[in-house]
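J.: Compute the structure for the input listed below.
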Amino acid sequence: MATKNKTTQTAVSVTAFINTSVDNEQKKQDSFQLIELMKKCSGFEPKMWGPTIIGFGTYHYKYASGHEGDSLLIGFSPRKNEFSLYVITPEDEHKQLLDKLGKYTMGKSCIYFKKLSDLNLAILEQMCKAAIKYIQQRQQNNT
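T.: Numbering: from 1, shown residues only. Sure thing, here's the model as predicted:
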């Protein structure tokens, strides 16, 4: 039996989400700055994914198990304590870029940081572009 993805694209306004859900003024400013950076890197408009993730672009995946669905190419979430950044890059390139990114911690599949000024934005931009290229190449190889 196929399971439905919990995180899917919604019609909620990204601007409305930030203005109503992000209570810290600096975090709001950082969110809008991240939107501009990710929009520039991806060429896609921001869309809400689930209740709290702002994503750019989509791709379809299918695992060997048969599970498949759609996901965002890159994105972030302005969570209460810190930002969650969703960028997947090839491991060798990922390590090199992470070494230069700035002040962050790693989760299982995302990067956490407190404020945008803690990060090297030029490196973040490279990571976003590398993530998009990596995912798109993987998709081409799987079709």
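J.: list the buried ones in the helix or strand where residue 59 lies?
T.: For residue 59, the host element (DSSP states H and E) is strand 53-62. Buried residues in strand 53-62, counting neighbours by 16 or more other CB atoms under 10 Å, are found at 53-57. C-beta: built from backbone N, CA, C; applies to glycine.
J.: quick one: residue 129 from residue 74, how far?
T.: Plainly put, residue 129 is 9 Å away from residue 74 if you go by CB to CB, to the nearest Å.
J.: Residues in contact with both of those two, list them for me.
T.: Contact with both residue 129 and residue 74 is made by residues residue 41, according to CB atoms under 8 Å, 6 or more residues apart in numbering.
J.: Please say which of these two ends up with more neighbours.
T.: A count of neighbours by other CB atoms under 10 Å puts residue 74 above the other of residue 129 and residue 74, at 25 against 16.
J.: In the protein, what residue spans correspond to strands?
T.: 46-49, 53-62, 68-78, 83-86, 105-106, 111-113 (DSSP state E).
J.: Dump the ones you listed to CSV, plus mean pLDDT.
T.: Compiled in CSV, the strands of the chain are given as follows (pLDDT from 0 to 100):
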stretch, mean pLDDT
strand 46-49, 97
strand 53-62, 91
strand 68-78, 92
strand 83-86, 95
strand 105-106, 91
strand 111-113, 95
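J.: can I get those in JSON lines with distance to residue 119?
T.: Written out in JSON lines, the entries for the strands of the chain read as follows (distance: least, CB to CB, whole Å):
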{"stretch": "strand 46-49", "distance to residue 119": "18"}
{"stretch": "strand 53-62", "distance to residue 119": "16"}
{"stretch": "strand 68-78", "distance to residue 119": "11"}
{"stretch": "strand 83-86", "distance to residue 119": "9"}
{"stretch": "strand 105-106", "distance to residue 119": "12"}
{"stretch": "strand 111-113", "distance to residue 119": "6"}
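J.: Show me the one of those that comes nearest residue 21.
T.: strand 68-78 (7.7 Å; CB to CB).
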